[in-house]
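> this is a predicted model, with the sequence first.
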Amino acid sequence: MTLNQYIREVQDFPKPGIVFKDITPLLGNPQAVRECMALLINNLRDRKIDKVVGAESRGFFFATLLAYELGSGFVPVRKPKKLPYETISATYELEYGTDILEVHTDAIKPGDRVLIHDDVLATGGTAKAVCELVERLGGVIVQCNFLMELSFLKGREKIGNYEVYAPLVY
């Protein structure tokens with residue numbers, strides 16, 4: 001199976017000049033989802049993971065499945081004012097603007113071993129912000145894992161201190 005066939009390219013979204021990699025066709029195909037899960041989890045089976053952190057919103061899809069498969073807790077990292085309890089926040093840059101992410105202050109305990117998951121590693125801004133939040137709460141980052149990496153945007157450089165894995169690289 002070639003997973004690339006399930007990634008739709010949308011021109012000029014969310015703004016002119018951006019070619020958006022849309023994973024919704026992949027999500028609609030159970031066999032493609034199973035293949036993605038096998039690739040994402042394959043190198044994690046022998047590692048202790050206490051929490052899987054998923055970045056809003058597309059990161060939630062596979063992060064919850066990864067947490068289930070690993071027997072770990074799931075932690076959502078969300079846009080501002082979406083979480084009901086006390087939060088900490090981090091500002092980050094996207095390839096097309098800036099934004100803020102938040103996490104509950106009690107979601108990660110000091111020493112928790114954490115897997116961070118998002119759908120795509122682009123400029124690295126989102127991943128760097130999530131790493132900052134995890135470490136501010138005392139978590140130990142085991143790996144940053146993504147469904148795909150847009151290597152030409154050099155996001156890996158922003159999170160170079162962490163192990164990075166992405167089965168699809170463009």
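Alright, I've got the coordinates. Numbers count the residues shown, from 1 in each chain.

> show me the contacts for the residue most central in space within the chain.
Nearest to the centroid of the C-alpha atoms of the chain, with distances taken as Cα atoms, centre = their mean, sits Asp118, at 1.5 Å. In this structure, Asp118 makes contact with Gly54, Ala55, Arg58, Gly59, Ala63, Thr126, Ala127, Val130, Cys144, Phe146, judged by Cβ atoms under 8 Å, 6 or more residues apart in numbering. Glycine gets a C-beta too; all of them are placed from N, C-alpha and C.

> can you redo those as CSV with secondary structure, pLDDT and distance to Phe20?
What follows is those, written out as CSV (DSSP: H, G, I helix; E, B strand; the rest coil; pLDDT from 0 to 100; distance: Cβ to Cβ, whole Å):
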residue, secondary structure, pLDDT, distance to Phe20
Gly54, strand, 98, 19
Ala55, strand, 96, 16
Arg58, coil, 95, 11
Gly59, helix, 96, 15
Ala63, helix, 98, 20
Thr126, helix, 93, 15
Ala127, helix, 96, 18
Val130, helix, 98, 20
Cys144, strand, 98, 21
Phe146, strand, 98, 15
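
> for the residues you listed, work out which two are farthest apart.
Set against one another by Cβ to Cβ, the contacts of Asp118 have their most distant pair in Arg58 and Cys144, with a gap of 15.0 Å.

> which of these two has more neighbours?
Cys144 (27 against 18; other Cβ atoms under 10 Å).

> could you list the low-confidence segments of this protein?
Counting by pLDDT under 70, the chain contains low-confidence ranges at 94-97.

> kindly recompute the last result at 80.
Within the chain, the ranges that satisfy pLDDT under 80 run 1, 93-97.

> where exactly do the strands run in it?
Per DSSP state E, the chain carries strands over the ranges 8-11, 19-22, 51-55, 73-77, 87-94, 97-104, 113-121, 140-149, 164-165, 168-169.

> to Asn29, which of those strands lies closest?
Ranked by Cβ to Cβ, the member of those that lies closest to Asn29 is strand 8-11, at 11.9 Å.
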